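*Asks:* predicted model and sequence below, questions to follow.
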Amino acid sequence: MTGHGGNVFQASLETGIPVSELLDFSASINPLGVPDSVAAVIRENIGLLVHYPDPFADGISRDLSQHLGVPARSLVCGNGSTELIYLLVRALRPGRVMIPAPTFSEYERACVLNEGASCTRYDLSSQDGFAIDLGQFIAAMAGCNMAFLCNPNNPTGRLVEREAVLDLVRAAKRADCLLVLDEAFIDFMPDQSLVKDVEGNSHLIVLRSLTKFYALSGLRIGYGIFPDQIIQRIRGHKEPWTVNTLAQLAAATAIRDRAYQEQTTTVISAEKKYFEQSFRDLGIEFFPASANYYLLRISRGKEVASALRKKGILVRDCSNFAGLDGSYVRVAVRSRKENSRLLQELGELCAG
């Protein structure tokens, strides 16, 4: 099985610390928690659980269509965007897939599980901060049927600017390579999204998640925007009922909660500045990030992660990311109180 952050239940079992007392910096979830508006709509509609959900989430697709300004016919919702990664690989059956490294591991796993798909890597370099070089990315797409780009990238936090991604889309079309753009964290910089650019682009798919920005990881809801040329193939392979009733209601409510969105932007911006200055003060190397998490390079990183875990503080050991080793950890941006606790412990461990 592929390792990920956010497994608080396993951490609780191993450490003996109750889930409620763990500080989870290993999953990059909005520190504001579930929006009050979402919690209220779940309480009010709990009785609907006796009914089957809308089988293909057509209602929330219409809501998302209006919210995003994209055609409802191009939308497919899933049990988190990860379901859609596996779905599109299964439906489209690419022969050769280009995947940057390091990046989200489920792209490669989806391909490995699909017989006939082989993966080729484009290795990012720590020397230039894991930035994506457009020329190298385009060259790596040659001979591929599909390429994945996580933007901003997980775990590095690096963003490829919108206009540069459009250059990649044009290059993908010339190479007859389908570009799958994973925008799981783009809500933290929404002006950089290409969600409205799928229409008219036959070689672009955009995946989005509602679990990160709106703290709905336990409900699992994501969606994809697909070009007209392939949407029916995607729908033809889609199982019904994978998005539950409460997830659909939560999504419809969350995307309308402007106050929560504005508060999130304010809090994350302030805490990122606090984090960055504190990292500098502590002499901890970090990579500039556009999302709500940071990749850190720390000597004895695995040991530091293990020591923090024993104290009930979970960070993401990144040693199992392709292209990274035991000196890298990823930390989410949380509340000021929680961030201060992490920084205090990191300072003591890194000084020791």
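*Replies:* Perfect, thanks for sending it. Numbers count the residues shown, from 1 in each chain.
*Asks:* low-confidence stretches in the stretch 151-300 of the chain?
*Replies:* Within the stretch 151-300 of the chain, no range satisfies pLDDT under 70.
*Asks:* where do the helices sit along it?
*Replies:* Per DSSP state H, counting those that start in this stretch, the stretch 151-300 of the chain carries helices over the ranges 162-174, 231-236, 245-254, 258-282.
*Asks:* for A139, which of those helices is the nearest?
*Replies:* For those, proximity to A139 was assessed by Cβ to Cβ; helix 162-174 is nearest, at 9.5 Å. Quick note: C-beta positions are derived from backbone N, CA and C, even for glycine.
*Asks:* residues of that closest one that come out buried?
*Replies:* Across helix 162-174, burial judged by 16 or more other Cβ atoms under 10 Å covers V165, L168, V169, A171, A172.
*Asks:* hmm, back to that, could you dump the helices of the stretch 151-300 of the chain to JSON lines with distance to I225?
*Replies:* JSON lines is the format used below for these (distance: least, Cβ to Cβ, whole Å):
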{"stretch": "helix 162-174", "distance to I225": "13"}
{"stretch": "helix 231-236", "distance to I225": "9"}
{"stretch": "helix 245-254", "distance to I225": "15"}
{"stretch": "helix 258-282", "distance to I225": "20"}
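*Asks:* ranking those by burial, who's on top?
*Replies:* Neighbour counts (mean count of other Cβ atoms under 10 Å) averaged over each of the helices of the stretch 151-300 of the chain peak at helix 245-254, with a mean of 22.
*Asks:* quick one, it and helix 258-282 angle?
*Replies:* Put simply, helix 245-254 runs at 90 degrees to helix 258-282, going by axes from the mean of the first three to the mean of the last three Cα atoms, to 10 degrees.
*Asks:* what's the closest non-adjacent residue to K272?
*Replies:* The shortest distance from K272 to any non-neighbouring residue, by Cβ to Cβ, 6 or more residues apart in numbering, is to V333 (5.8 Å).
*Asks:* how near is the one you found to S28?
*Replies:* For V333, the distance to S28 (Cβ to Cβ, to the nearest Å) stands at 8 Å.
*Asks:* do R62 as well
*Replies:* Distance from R62 to S28, by Cβ to Cβ: 29 Å.
*Asks:* list the contacts for L210?
*Replies:* Going by Cβ atoms under 8 Å, 6 or more residues apart in numbering, L210 touches L216, I221, G222, Y223, A250, A251, A254, I255.
*Asks:* ramachandran angles for the nearest residue to the fifth one once chain neighbours are set aside?
*Replies:* Think A250. The shortest distance from A250 to any residue that is not its chain neighbour, by Cβ to Cβ, 6+ apart, is 4.7 Å, and that residue is V38. Phi and psi for V38, reported as degrees, to the nearest 10, are phi -70, psi -40.
*Asks:* what's the spacing between V38 and L249?
*Replies:* Distance from V38 to L249, by Cβ to Cβ: 8 Å.
*Asks:* just the strands from the stretch 51-200 of the chain, written as ranges.
*Replies:* Using DSSP state E, counting those that start in this stretch, the strands of the stretch 51-200 of the chain run over 75-78, 96-101, 118-123, 146-150, 178-182.
*Asks:* tell me what the shortest one is packed against?
*Replies:* Counting contacts by 3 or more Cβ pairs under 8 Å, 6 or more residues apart in numbering; DSSP states H and E, strand 75-78 packs against helix 58-68, helix 81-92, strand 222-225, helix 231-236.
*Asks:* so what are the sheet partners of that strand and their directions?
*Replies:* strand 222-225 (antiparallel) (DSSP bridges).
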